[in-house]
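K.L.:
Sequence first, then the predicted structure:
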Amino acid sequence: MSKAHSRGLTFSLLRYRRREAVVLVLLGLLLGATVCGLESVRLSALSAQERAVRADQGGAAFTVQAGGPQARKALAGVPSLIRVSDASGSVSLEAATTPTAVRVVNEPGVALGRIIDGRAAGAGEATVSLAVAQALDADLGDQVEIASEEGATRRAELVGITVNEVDGDDATAVVVDVDLGVAQTDIWLSESDPYLEPSLTKLMDARTMTYRPTASLVEQARTNLPPGLSSLSYAPIGMALLLGVLLIGTLAAMAPVARGDVSTLVQASMSPRSAWGLIVRVAVATLVVGIATGFALVSTTLWVARYRVSEIIGHRWEGIELAWLALLGLGVTVLAAAAATMLVLGRAAASDARTVRSPQVRAGGWRSAAVVAGCGVLVLVVVTVQKATSASSSIAGYVPLAVLMVTGATPWLVGALVARRLPPASRAVVRQFTAHLLVATALAGIIAAGTAGSGSRTVHNANVAEHLSRAPQPPGSFLIYEVPDRAATLLVERYRSLGGHDVDQFQLPDEAHRRLRVTSTRLIDCMSEAQTLNPDTVPDGCFSQETMAPVNSVVLALDGEGGPRSDPGLVDQGAVGLLEYVALTPEAASTGHTEAQPDSSLGGNMPGLVVAPDSEIARRYDLRSGGRRLVALLDFQSLSRRDQALVRGLVSRVAPGAQTADAADASSFDRERARATATEVLGAALVLLALVAGGSALVAGQRRTLRTLVEIGAVERHRLRLLVLTVCVPVLTMALALPLAAWGTWLSGFAEPGAWGALWTLPVVAGLIGSAVVGLLLVRVPSRIGE
Amino acid sequence: MKGNDLGMIDLDRVCVTYDDCQPLRDVSHSFRPGAVTVMGPSGSGKSTLLRVIAGLQAPTSGRVEISSLPVAAPSWRSAGDPRVTLIHQDYRLVPFLTIGDNLRIARETRGLESPDGALLDVLGRVGLAEVDLARMPATLSGGEQQRVAIARSLLAGSEVLLADEPTGALDAANSAAIAQLLLDVGRRDGLIVVIATHDHDVADIVGSRLSLRDSHLQAA
């Protein structure tokens, strides 16, 4: 056949079957738009997170924070570092004033924030965020007045507008001051690794200064996603599978039409293989056109409506990421499916050409299935008995495999049983029909039991681990260590503006020369008795068992009032022990005691001892603020998930070297649960896909027999009986998969069904729905065959 | 329409209309027991007429009754009136069933017993007395397969046997034999046998013939 002829045939077929072609194009469009759209949203959000973090650090590769005067002095000696100060303040234009975060940088041309209009500020110039510009109705070229909380006021020409892509309401002003002093600097930006700078290495080892690669901040930001975005990870593939099921169902419904066209083409002297090739090519082309159109449409829509879309999750995207890989994946999957279909159809055509004989199916395979199922049941029973007698089981690890063995063997056993009592011809028909469903049903059963078991175990694990691993700090609190003083004020203001109320702040002492730790008087006594200054050498019983941190930090109160207060687990008869270190060794330089009042809010991740800056203890141990604070946001959990994400984002901007302890962050357990949900949804989609595909193959392969049952004048209830018995194979397999999965999960040590989550039954429910679909496909009277 | 006649097919002003054609227009006719051929060129509506009688397709308008009872209306899950069986030029034997099971299935799906003796009797009547019940359909010739299909219809105990181009895939000798067999079935078993064909030799053997021309059924 010439190319021109083939092309002409293709277009003729498209014209003739335009209705089917439109359906396929629309399905492809839906597939491309949904899958690529969801993936594009996910990628765009992640990309915005990354761009926002990098923009906050002015594009620098590293950030450094100082922990005291010595560290500041050392950093001042490295001229390549860029200094940045963060404080709260305001920006004024004529009579209008709006509160902002004020960032001062000493290097002209450094863009702190993503510039969407104008350019980065030079000396005596400023940029403001879009929200500030809108609040002031400011334009480029305006002279604005920027005041910081410390009273410093700078007049600057507005030369650029910035945005924070993950915080559409961000109010920030950036001004350049080439004379920014070391004392006012909060963070230093570096293009090269500051740890390799000899004058800084020792101080970093002593944690007198902290540094962090921007790449690690980006990684952290990836886990700090707005609500809904983390669970979006599995949405594209889930939608692809669900729409794939819909597509296969539609193609199955179109199969008779295609078969009719092939028959016509064969009568017109085309080989069956070529005829099927033409049909499949046309179907693939229409699908691919639909997918590409859907991709183009959704990408264009997302670009045009990027602000509105991103606003839903509190972002403001300046660009979107195109889901090229998802598009490629869809294209490759469609082509691979088409190639596989052609292979099957080609073989079928060749087989048809050789012989019309179709051997009768015997009830074979059930003996092997019985052996497999028996082994599985034996394992389950033995482990159950061992569990009941509290005996340890060496084969408990095989329980999931045993469940899969029983489920996988069930279709053969059900298939052999359901046809047993039928008269001979009916039995042969049911066996032939069920034979087409055995593999698909076994596969669906294994997937259903496997994903239901895996999902329930994962959710159970996450729930139990979450319960057991609560952070040793006030419930729902967020602790941020080593926040520069000014940044701490800015952070707390922002926190309060978002609705947070309960905040505790402590000054962290400069530990360049000595470190003071608090412990129980019992440990000090033990060390004295053992004549050692190394607490690691005394027996464990010397450490307080009533606290999560038997040796804890000493901090300075912010307000400078009140006597020492300490973790109640360390206080014994109104006193606590003290350990003074002057070197990075496990041995203390000295030990001591002090009086302290118990304070139940302290201990664990919170400090062990709080003293006033002018107290006798502070004077005795020369405790002076190093310019950093521990900020405890005690009612952090009362904020919305979006606002929590905003606060975490602000921390990575103003205190990139800070360590955090988050009792409100269930993200790792949420991720585990999201993964389980994704597994269960994926399992459900695959189960549905396997059964619908198996049922479609059965109906397509046995269409002539199904039609013949009608044409020989079968009484309806007798015909339905044969079909219902056929559907018993997937129905009973799925019905058995549910208790088997539950039994296996229970035997594996996950004994509380209430903690398995709500979705572990979903794959089995999908299997039952899939079985119903198979039933409907079978019961439906096939259309005419070549009459 | 005469009505209340047992053993008759009554068509009363039956119309079947498609988007672009009308194969049956106001067709009224009564078929009595015995064999009759319906002649007409390809596309004239012969197969449509058979499907309407069999209850596989609802007429656009008009009524179809067998023995004074309406033919069952087709739906997505049920089609075909159990009083009717069909045979086709491609025989429609179930390929994975033996000859015996192909015969048995017609009775089993009506809830009837099917002893081997009855099967062999019917096979003898259609000229296949020597055929082994355990053979597969694909091992038989086309003519033999069509005889098995006719035997299956006889075993089903239906009142009406509709044959759509039953000799279309057979040579002249086999065609004549099948036509004679259908004629005998109509005469001896009291079945109404309607044969749609464009083969004049078949029509000559059967004798009684109708013609479907310009969407109307008329005596040829």
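P.N.:
Yes, it's here. Since this is a predicted model, take the numbers as computed values, not measurements.

K.L.:
helices or strands up against the longest helix seen in chain B?
P.N.:
Counting residues, the longest helix found in chain B (DSSP state H) is helix B:172-189. Applying 3 or more C-beta pairs under 8 Å, 6 or more residues apart in numbering or on different chains; DSSP states H and E, one finds that helix B:172-189 makes contact with strand B:34-39, helix B:142-156, strand B:160-164, strand B:192-197, helix B:200-206. All C-beta spots, glycine's among them, are computed from the backbone N, C-alpha and C.

K.L.:
In that helix, which residues are buried?
P.N.:
By neighbour count on 16 or more other C-beta atoms under 10 Å in any protein chain shown, the buried set for helix B:172-189 is B:174-179, B:181-183, B:185-186, B:189.

K.L.:
now swap in stretch A:756-775 and tell me
P.N.:
For stretch A:756-775, by 16+ other C-beta under 10 Å, it's A:756-757, A:759-771, A:773-775.

K.L.:
That one near chain B anywhere?
P.N.:
No. Figure legend: stretch A:756-775 not in contact with chain B (C-beta under 8 Å from any C-beta of the partner chain); closest approach 10.2 Å.

K.L.:
Grab the most central residue of chain B for me.
P.N.:
Geometric centre of chain B, nearest residue: B:Leu162, 1.5 Å, by C-alpha atoms, centre = their mean.

K.L.:
tell me which residues form a beta bridge with that one?
P.N.:
Applying DSSP bridges to B:Leu162 yields these beta-bridge partners: B:Leu86, B:Val194.

K.L.:
in chain A, which helix has the most residues?
P.N.:
Longest helix in chain A, counting by DSSP H: helix A:424-468.

K.L.:
going on from that one, what's the next piece of helix or strand?
P.N.:
Moving toward the C-terminus from helix A:424-468, the next helix or strand (DSSP states H and E) is strand A:478-484.

K.L.:
Packing partners of that next one?
P.N.:
Partner elements for strand A:478-484 (3+ C-beta pairs under 8 Å, 6+ apart): strand A:625-633, helix A:641-654, strand A:659-662.

K.L.:
Check these for me and report the most buried one.
P.N.:
Among the helices and strands packed on strand A:478-484, ranked by average contacts under mean count of other C-beta atoms under 10 Å in any protein chain shown, first place goes to strand A:625-633 (a mean of 25).

K.L.:
Packing partners of that strand?
P.N.:
Counting contacts by 3+ C-beta pairs under 8 Å, 6+ apart, strand A:625-633 is packed against strand A:62-66, helix A:69-76, strand A:478-484, helix A:485-497, strand A:503-509.

K.L.:
Tabulate the helices and strands packed on strand A:478-484 (CSV), appending distance to A:Val459.
P.N.:
Output for the helices and strands packed on strand A:478-484, formatted as CSV (distance: least, C-beta to C-beta, whole Å):
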stretch, distance to A:Val459
strand A:625-633, 29
helix A:641-654, 20
strand A:659-662, 22
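
K.L.:
So in terms of bridging, what pairs with A:Ala87?
P.N.:
Beta-bridge pairing of A:Ala87 under DSSP bridges involves A:Val102.

K.L.:
residues in contact with it?
P.N.:
A:101-102, A:104, A:148-150, A:486-487, A:489-490 (C-beta atoms under 8 Å, 6 or more residues apart in numbering or on different chains).

K.L.:
For the buried residues of helix B:172-189, give me JSON lines that also has distance to B:Ala151 and pLDDT.
P.N.:
Formatted as JSON lines, the buried residues of helix B:172-189 follow (distance: C-beta to C-beta, whole Å; pLDDT from 0 to 100):
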{"residue": "B:Asn174", "distance to B:Ala151": "15", "pLDDT": "81"}
{"residue": "B:Ser175", "distance to B:Ala151": "18", "pLDDT": "86"}
{"residue": "B:Ala176", "distance to B:Ala151": "18", "pLDDT": "88"}
{"residue": "B:Ala177", "distance to B:Ala151": "14", "pLDDT": "85"}
{"residue": "B:Ile178", "distance to B:Ala151": "12", "pLDDT": "86"}
{"residue": "B:Ala179", "distance to B:Ala151": "16", "pLDDT": "87"}
{"residue": "B:Leu181", "distance to B:Ala151": "10", "pLDDT": "87"}
{"residue": "B:Leu182", "distance to B:Ala151": "12", "pLDDT": "87"}
{"residue": "B:Leu183", "distance to B:Ala151": "16", "pLDDT": "89"}
{"residue": "B:Val185", "distance to B:Ala151": "10", "pLDDT": "84"}
{"residue": "B:Gly186", "distance to B:Ala151": "15", "pLDDT": "86"}
{"residue": "B:Asp189", "distance to B:Ala151": "12", "pLDDT": "83"}
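
K.L.:
all strands for the stretch 151-300 of chain A, in order.
P.N.:
Secondary structure of the stretch 151-300 of chain A, counting by DSSP state E, counting those that start in this stretch: strands at A:153-163, A:172-176, A:187-190, A:209-213.

K.L.:
and A:Ala235, which of those is closest to it?
P.N.:
When the strands of the stretch 151-300 of chain A are compared by C-beta to C-beta, strand A:153-163 sits nearest A:Ala235, at 26.5 Å.

K.L.:
Which element, helix or strand, includes B:Ser211?
P.N.:
Here B:Ser211 is assigned to strand B:209-213, by DSSP H and E.

K.L.:
ok, and what's touching that strand?
P.N.:
Strand B:209-213 is contacted from outside by B:29, B:36-40, B:44-46, B:49, B:203, B:217-220, using C-beta under 8 Å, 6+ apart.

K.L.:
in the stretch 451-600 of chain A, what residue is nearest chain B?
P.N.:
Here the stretch 451-600 of chain A gets closest to chain B at one residue, A:Ala452, 31.8 Å apart by C-beta to the nearest C-beta.

K.L.:
TSV for the helices and strands packed on helix B:172-189, including mean pLDDT?
P.N.:
Compiled in TSV, the helices and strands packed on helix B:172-189 are given as follows (pLDDT from 0 to 100):
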stretch	mean pLDDT
strand B:34-39	91
helix B:142-156	87
strand B:160-164	91
strand B:192-197	92
helix B:200-206	88
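
K.L.:
other SSEs contacting whichever strand or helix holds A:Val309?
P.N.:
Using DSSP H and E, A:Val309 maps to helix A:306-311. Helices and strands touching helix A:306-311, by 3+ C-beta pairs under 8 Å, 6+ apart, are helix A:18-56.
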